[in-house]
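Chemist: After the sequence you'll find the predicted model.
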Amino acid sequence: MFWKRAKLPEVTLDDALGDAGLVKARDLARAGDWAAVREMFAETVGDWERRALYANVLGKVDRVWLDDWLAAAPDDPGLWVLLANREADRAGRARGAGKASETSREQFADFHYFMARAAEACERAAALNPDDPTPWIQSIWTLFGHRSGAPFEKRFAELTARDPFSYLGHEAAVQYRTKKWFGSHGAMYELARSAAASAPPGSPLHALPVQAHIEYALREFFWGDNPNGAEQNLEFWNSPDVVREVEAARADWLAAGPPRHPAAPKVRGVFAFVASWGERWRPALADFRELGPVASEYPWYYRGRPAEILRACQVRAARAR
């Protein structure tokens with residue numbers, strides 16, 4: 001029997017997530033026009049979720065433009081937010097994406113060096129603008145260089161006091177609480193579910209338990225040599241409890257109407273990803289129809305080359321009836 005395949009949009013993976021202002025600011029940063037970026041970044045004050053997205057993307061433009069800004073306006077709080085993100089990005093690239101056993105002493109040394117610089121920049125940014133939650137997001141990521149739990153609790157409290165529903169901040173906290181870092185499956189799920197339970201309808205925090213499921217599956221089924229991992233993963237994503245929680249999270253995420261959050265394309269990608277990973281192709285098809293033209297590389301990079309994985313899943317979903 002033949003049927004017409006669903007037509008799905010071509011998707012570009014870009015962490016700017018289709019924000020036209022951010023794309024323009026990134027282009028200006030690449031061109032070295034720090035003064036123009038300074039004005040645009042200052043306009044995000046008070047719009048904390050968008051400011052966090054801008055900081056994440058602009059901090060990865062590793063050119064001299066921030067050094068020029070530093071020379072001209074060393075007490076600008078926005079500058080120090082971006083410097084913190086730049087140094088953290090440098091730390092991640094210095095360490096690489098390999099497991100600890102595959103990472104050299106030199107790589108770890110560079111990682112710790114840049115993370116220390118990022119932590120100092122976070123402190124400066126927070127001191128210059130005490131109301132801004134954005135430095136506290138990056139300050140949580142800087143804790144990934146050591147194992148002390150006390151600073152995490154303090155920094156997470158500082159973040160949520162300023163922005164109780166910060167999506168990127170809660171993402172950092174969930175990662176910190178994963179078993180692969182400094183927590184456990186229980187601690188990770190507790191934080192993710194608590195945040196989702198307290199969030200208003202339409203908040204991307206409702207996706208956090210789903211993201212916690214992704215972390216659980218990666219650790220339990222694909223960590224090390226597990227010949228049965230793929231089968232166990234498929235069983236996990238199709239288990240009634242997991243399907244129920246994913247569907248409830250999707251309903252709460254959509255409860256306030258079409259999401260307008262700056263991270264909406266990323267969250268849509270999370271739901272498309274987990275439906276595809278569980279080979280639940282009809283729900284995946286619905287998610288892909290909602291995805292739009294732009295998505296984040298997360299979480300697609302967990303399965304290989306993100307653009308290729310996403311497109312392959314789209315093709316499979318398009319055959320769903």
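Modeler: Right, received. Where do you want to start? In this text, all values refer to a predicted model and were calculated from it rather than measured experimentally. Numbering: from 1, shown residues only.

Chemist: Pull the residues that contact stretch 48-65.
Modeler: For stretch 48-65, contacts defined as Cβ atoms under 8 Å, 6 or more residues apart in numbering pick out 15-17, 19, 22, 25-26, 29-30, 32-34, 37, 40-41, 44-45, 81-86, 88-90, 132-134, 137-138, 162-163, 166-169, 261-263. (Glycine included, C-beta is placed from N, CA and C.)

Chemist: measure stretch 89-105 end to end?
Modeler: Length of stretch 89-105, first residue to last, Cα to Cα, to the nearest Å: 19 Å.

Chemist: Settle this for me: residue 310 is touching residue 10, isn't it.
Modeler: No - judged on Cβ atoms under 8 Å, residue 310 makes no contact with residue 10 at a distance of 10.3 Å.

Chemist: With neighbour numbers in mind, choose between those two.
Modeler: When residue 310 is set against residue 10 and neighbours are counted by other Cβ atoms under 10 Å, the residue ahead is residue 310, at 23 against 7.

Chemist: now for the helix or strand hosting that one, which elements pack on it?
Modeler: Per DSSP states H and E, residue 310 falls inside helix 306-318. Counting contacts by 3 or more Cβ pairs under 8 Å, 6 or more residues apart in numbering; DSSP states H and E, helix 306-318 is packed against strand 12-13, helix 264-277, helix 281-291.

Chemist: Could you list the low-pLDDT ranges of this structure?
Modeler: Within the chain, the segments meeting pLDDT under 70 span 1-6, 99, 146-149, 321.

Chemist: In it, where's the longest helix?
Modeler: The longest helix of the chain (DSSP state H) is helix 105-128.

Chemist: Which elements pack onto that one?
Modeler: Using 3+ Cβ pairs under 8 Å, 6+ apart, helix 105-128 is in contact with helix 77-95, helix 134-142.

Chemist: what's the most buried one of those helices?
Modeler: Ranked by average neighbour count under the criterion mean count of other Cβ atoms under 10 Å, those are headed by helix 134-142 at a mean of 27.

Chemist: which residues are contacting the very next helix or strand once past it?
Modeler: Remark: after helix 134-142, the chain's next helix or strand is helix 150-162, criterion DSSP H and E. By Cβ under 8 Å, 6+ apart, the residues outside helix 150-162 that reach it are 48, 126, 131-133, 136-137, 139-140, 143, 166, 169, 173, 176, 182.

Chemist: right, and out of these, which lies closest to residue 74?
Modeler: Nearest to residue 74 among these: residue 126, at 16.0 Å, using Cβ to Cβ.

Chemist: and the angle for the helix or strand harbouring residue 231 with helix 264-277?
Modeler: Assigned by DSSP H and E, residue 231 belongs to helix 229-237. Interaxial angle, helix 229-237 versus helix 264-277 (axes from the mean of the first three to the mean of the last three Cα atoms, to 10 degrees): 110 degrees.
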